[in-house]
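Undergrad: For reference, the sequence and a predicted model appear below.
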Amino acid sequence: MKATATQKYNPYPRVDLPNRSWPSNIIDKAPQWCSVDLRDGNQALIQPMSLSKKLEMFELLVEIGFNEIEVGFPSASQVEFEFTRKLIEDDLVPDGVFLQVLTQAREHLIKKTFESIKGAKEVIVHVYNSTSTQQRDVVFHMGKQQIIDLAVNGARLVKEEAAKYPETTFRFQYSPESFTGTELDFSLEVCEAVMDVWEPDANNPAIINLPATVEMSTPNIYADQIEWFCTHMKNREAAIISLHTHNDRGCAVAATELALMAGAQRVEGTLFGNGERTGNVDLITLALNMFTQGVDPGLNIHDINHLIDVYERVNRIPVHIRHPYAGELVYTAFSGSHQDAINKGMAKYDSMEAGHWSVPYLPIDPTDVGRTYESIIRINSQSGKGGVAWVMEHDFGIKMPKEMHPDFGSIIQDLSDKKGKELKPKQIFNSFESNYLDIHHPYDLHTFHVMKRHSNKKEKLSFAEIEAVVEVAGEEKTITAKGNGPLDAFANAIKENITGPWTLCHYNEHALNTGSSSRAIAYIQVERTDGQKFWGAGTDTDIIIASVKALLSSLNRAAA
Ligand code: KIV
Ligand code: ZN
């Protein structure tokens with residue numbers, strides 16, 4: 001970037017608001033939500049939605065719980081006019097859901113807009129004109145009074161037209177478009193002029209929507225503008241102050257949150273932030289941000305994958321893998337230390353009867369939005385033993401003893417280094433099978449019998465004698481021995497007849513599943529006379545056989 005290029009730009013002016021109160025406020029309740037997916041979202045698509053796609057999106061928005069849905073700009077496009085008619089004529093709008101229609105403040109457009117909503121039960125007529133300095137000078141060549149006249153005439157016509165549709169409950173909405181590019185006192189003057197025409201009151205308030213049509217400043221300045229506006233209005237209780245932010249600087253969510261703290265009551269935006277240029281504010285992120293603060297957003301987002309699915313199909317835009325709350329990778333940890341911390345946090349949370357969510361690196365419980373734990377830990381070459389152990393336990397019920405984690409962790413690290421990509425849980429399990437469960441060389445168990453068994457609780461004595469047939473490098477060998485129990489007897493038989501000395505260092509077992517066909521898994525570590533240690537594992541419906549197999553697995557690995 002050329003050093004001189006910065007001279008092209010002016011810093012955005014600050015608002016003179018010495019006693020601003022919004023920084024001390026919190027968001028403690030959900031705003032009135034309005035989805036503009038079918039209008040602002042749709043008008044920004046490379047390929048706008050077809051009628052059937054619009055219907056699919058409308059159904060989704062109703063399912064999510066939006067009571068106000070901007071369905072289009074019916075006077076500007078025939079498809080939007082027809083879509084609005086279809087919703088009304090086919091009775092597709094549930095009671096309590098207001099259809100919002102956008103129109104410029106021009107006579108023929110307003111009249112056409114009213115034609116589109118004939119027969120509807122509840123409608124918000126949203127009228128706008130641009131008020132910014134730049135648009136006044138560059139686009140419309142109009143002075144301030146002409147802009148006010150345009151807005152007032154539009155407002156008057158909206159009121160007159162509405163009177164012709166007594167079967168419909170109306171709310172009126174006005175937007176000084178490009179509010180963030182307009183002198184604050186002038187935007188207030190225009191809005192008050194419109195309100196003077198509509199004569200709203202606290203029981204029938206007008207919606208005054210203050211758009212960051214282009215996001216031009218840091219979010220605190222937008223919040224200042226909203227607080228200034230709310231505190232300088234002459235008839236505050238007769239207005240619902242609405243926000244409509246775009247994301248040009250990437251701060252639309254923050255700007256909306258601060259502006260809610262500054263007194264706004266309503267938010268317009270889209271699912272996952274679709275919309276003109278960098279998009280409108282993302283309502284899903286906003287709602288889930290509230291949710292993580294213990295505030296009920298009043299929207300059904302418990303199955304975020306379903307929302308993504310419809311959104312991507314209808315808009316033909318993918319949700320980014322890093323998108324807050326929704327992206328494919330946002331509940332996933334690849335780094336070993338993160339995996340370990342998540343593992344410990346989840347174990348603690350699972351062990352508590354009740355309690356607040358507090359798992360490192362996970363600001364939200366993925367199951368609250370319909371995500372499963374399986375996807376939390378994913379394995380690549382940066383992953384640690386903890387992550388591998390987590391996948392084995394959560395996906396396959398295999399709870400390796402902690403001491404075994406480094407052994408299998410390094411096998412998996414080598415494998416993912418070799419493959420150069422992420423390993424799927426099934427590949428990790430296959431590797432466990434081939435490295436521990438399915439190794440039968442040089443020793444393979446053919447038969448195993450416990451010949452005698454005795455235990456005396458009083459004297460704390462137990463005793464067993466076994467006979468086993470083991471294949472050793474292709475040849476069958478029958479071995480017998482005695483020991484404290486069947487495993488000890490088998491270990492003695494192997495040492496005396498086949499391998500020579502070694503030491504058993506670790507033994508662990510657990511059930512793999514329950515019921516009549518329940519299986520068990522045993523883990524054993526042996527130490528060779530040279531001090532090297534080897535882990536093995538074995539599964540069987542009989543726990544004694546599982547442990548014998550685990551012993552042979554570790555000896556096979558020691559012999560390799
Ligand atoms: O961004 C904007 O200013 C708009 C208005 C029509 C509200 O979409
Ligand atoms: Zn917009």
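TA: Done, it's in. Ligands and ions are numbered 1, 2, ... in the order given.
Undergrad: Would you map the strands across the stretch 101-250 of the chain?
TA: 122-130, 169-177, 206-212, 239-245 (DSSP state E, counting those that start in this stretch).
Undergrad: do the helix or strand following the last one and ligand 1 meet?
TA: As assigned by DSSP states H and E, the chain's next helix or strand after strand 239-245 is helix 252-261. No - remark: helix 252-261 sits outside contact range of ligand 1, by CB under 6 Å from any ligand atom, the gap being at least 10.9 Å. Quick note: C-beta positions are derived from backbone N, CA and C, even for glycine.
Undergrad: Averaged pLDDT, helix 252-261. What do you get?
TA: Average pLDDT, helix 252-261: 98.
Undergrad: Now the stretch 401-550 of the chain against ligand 1: closest residue?
TA: Across the stretch 401-550 of the chain, no residue is closer to ligand 1 than Glu422, which sits at 39.9 Å (CB to the nearest ligand atom).
Undergrad: now the stretch 351-500 of the chain
TA: Counting by CB to the nearest ligand atom, the stretch 351-500 of the chain gets nearest ligand 1 through Val369, at 28.0 Å.
Undergrad: tell me the contacts of the nearest residue to that residue once chain neighbours are set aside?
TA: Sequence neighbours aside, Ile304 is the residue nearest to Val369 in space, at 4.1 Å (criterion: CB to CB, 6 or more residues apart in numbering). By CB atoms under 8 Å, 6 or more residues apart in numbering, the contact set of Ile304 is Ile284, Tyr325, Ala326, Val369, Gly370, Arg371.
Undergrad: If we ignore the residues flanking it in sequence, what's nearest Trp502?
TA: Val526 (5.0 Å).
Undergrad: List the beta-bridge partners for the one you found.
TA: Beta bridges link Val526 to Leu504, Phe534, judged by DSSP bridges.
Undergrad: so it sits right up against Pro501, yeah?
TA: No - Val526 lies out of contact with Pro501 (CB atoms under 8 Å); the separation is 10.4 Å.
Undergrad: what's the overlap in contacts for those two?
TA: By CB under 8 Å, 6+ apart, no residue touches both Val526 and Pro501.
Undergrad: more neighbours, the two?
TA: Set Val526 next to Pro501 and count neighbours by other CB atoms under 10 Å: Val526 wins out with 23 against 8.
Undergrad: Need the pLDDT of the more buried one.
TA: 98.
Undergrad: try Ile379
TA: Value for Ile379, per-residue pLDDT: 75.
Undergrad: Do I have it right that it meets Ile411?
TA: No - counting by CB under 8 Å, Ile379 does not reach Ile411; the two are 11.5 Å apart.
Undergrad: So between the two, which is more surrounded?
TA: Counted by other CB under 10 Å, Ile379 and Ile411 do not tie: Ile379 has more neighbours, with 25 against 17.
Undergrad: Nearest to ligand 1: which residue in the stretch 251-400 of the chain?
TA: For the stretch 251-400 of the chain, CB to the nearest ligand atom, closest residue to ligand 1: Glu276, 6.8 Å.
Undergrad: wait, what's in contact with the residue lying closest to that residue once chain neighbours are set aside?
TA: Using CB to CB, 6+ apart and skipping the chain neighbours, the partner closest in space to Glu276 is Ala44 (4.5 Å). By CB under 8 Å, 6+ apart, the contact set of Ala44 is Asn274, Gly275, Glu276, Arg277, Gly279.
Undergrad: since we're on the last one, how many residues are nearby?
TA: For Gly279, the number of neighbouring residues by other CB under 10 Å comes to 22.
Undergrad: List the contacts of the nearest residue to it once chain neighbours are set aside.
TA: Nearest residue to Gly279 in three dimensions, chain neighbours excluded: Gly273, at 4.0 Å (CB to CB, 6+ apart). Gly273 makes contact with Asn247, Ala252, Gly279, Asn280, Val281, Asp282, Thr285, according to CB under 8 Å, 6+ apart.
Undergrad: Tell me the spacing between the fifth one and Ala489.
TA: So that's Val281. 71 Å (CB to CB, to the nearest Å).
Undergrad: again, but for the third one
TA: As judged by CB to CB, Gly279 and Ala489 stand 71 Å apart.
Undergrad: Tell me where the model's unsure across the stretch 51-200 of the chain.
TA: By pLDDT under 70, the stretch 51-200 of the chain has no low-scoring segment.
Undergrad: Please verify my assumption that Ala30 contacts Gly298.
TA: Yes - counting by CB under 8 Å, Ala30 does reach Gly298; the two are 4.4 Å apart.
Undergrad: that older thread, and the contacts of Gly273, which of them are buried?
TA: Buried members of those, scored by 16 or more other CB atoms under 10 Å, are Asn247, Ala252, Gly279, Asn280, Val281, Asp282, Thr285.
Undergrad: pLDDT score for the first one?
TA: Here the pLDDT value assigned to Asn247 is 98.
Undergrad: what's the single longest helix in the protein?
TA: In the chain, with assignment by DSSP state H, the single longest helix is helix 144-162.
Undergrad: Kindly export that one (C-alpha atoms) in CSV.
TA: Output of helix 144-162 as CSV, limited to C-alpha atoms (Å, rounded to 0.1, in the frame of the first residue of the first chain):
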residue,chain,number,x,y,z
LYS,A,144,-32.1,18.8,3.2
GLN,A,145,-35.6,20.2,2.8
GLN,A,146,-36.2,18.2,-0.3
ILE,A,147,-35.1,15.0,1.5
ILE,A,148,-37.5,15.8,4.3
ASP,A,149,-40.4,16.5,1.9
LEU,A,150,-39.7,13.1,0.1
ALA,A,151,-39.9,11.3,3.4
VAL,A,152,-43.0,13.1,4.6
ASN,A,153,-44.8,12.7,1.4
GLY,A,154,-44.0,9.0,1.4
ALA,A,155,-45.1,8.7,5.0
ARG,A,156,-48.4,10.5,4.2
LEU,A,157,-49.1,8.2,1.3
VAL,A,158,-48.4,5.1,3.3
LYS,A,159,-50.9,6.3,5.9
GLU,A,160,-53.5,7.0,3.3
GLU,A,161,-53.1,3.7,1.5
ALA,A,162,-53.2,1.8,4.7
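Undergrad: which secondary structure elements does it contact?
TA: In terms of contact count using 3 or more CB pairs under 8 Å, 6 or more residues apart in numbering; DSSP states H and E, helix 144-162 is assigned the packing partners helix 107-116, strand 122-130, strand 169-177, helix 184-198.
Undergrad: 6 Å - rerun?
TA: Helices and strands touching helix 144-162, by 3 or more CB pairs under 6 Å, 6 or more residues apart in numbering; DSSP states H and E, are helix 107-116, strand 122-130, helix 184-198.
Undergrad: Tell me which of these is the most buried.
TA: strand 122-130 (a mean of 23; mean count of other CB atoms under 10 Å).
Undergrad: Just the residues contacting it, thanks.
TA: 98-100, 102-103, 105, 117, 150-151, 154, 158, 168-175, 177-178 (CB atoms under 6 Å, 6 or more residues apart in numbering).
Undergrad: What separation do you get for the residue nearest to Glu276 and Glu82?
TA: From Ala44 across to Glu82, the span is 20 Å (CB to CB).
Undergrad: Ok, Asp40 next?
TA: For Asp40, the distance to Glu82 equals 19 Å [CB to CB].
Undergrad: And the two? Which one has more around it.
TA: Asp40 (23 against 16).
Undergrad: Thought Gly275 was touching the more buried one, still the case?
TA: Yes - assessed by CB atoms under 6 Å, Asp40 is found in contact with Gly275 at 4.8 Å.
Undergrad: What degree of burial does the residue of the stretch 351-500 of the chain closest to ligand 1 show, as a neighbour count?
TA: Residues near Val369, counting by other CB under 10 Å: 20.
Undergrad: returning to that earlier point: determine which of the helices and strands packed on helix 144-162 approaches ligand 1 most closely.
TA: strand 122-130 (4.6 Å).
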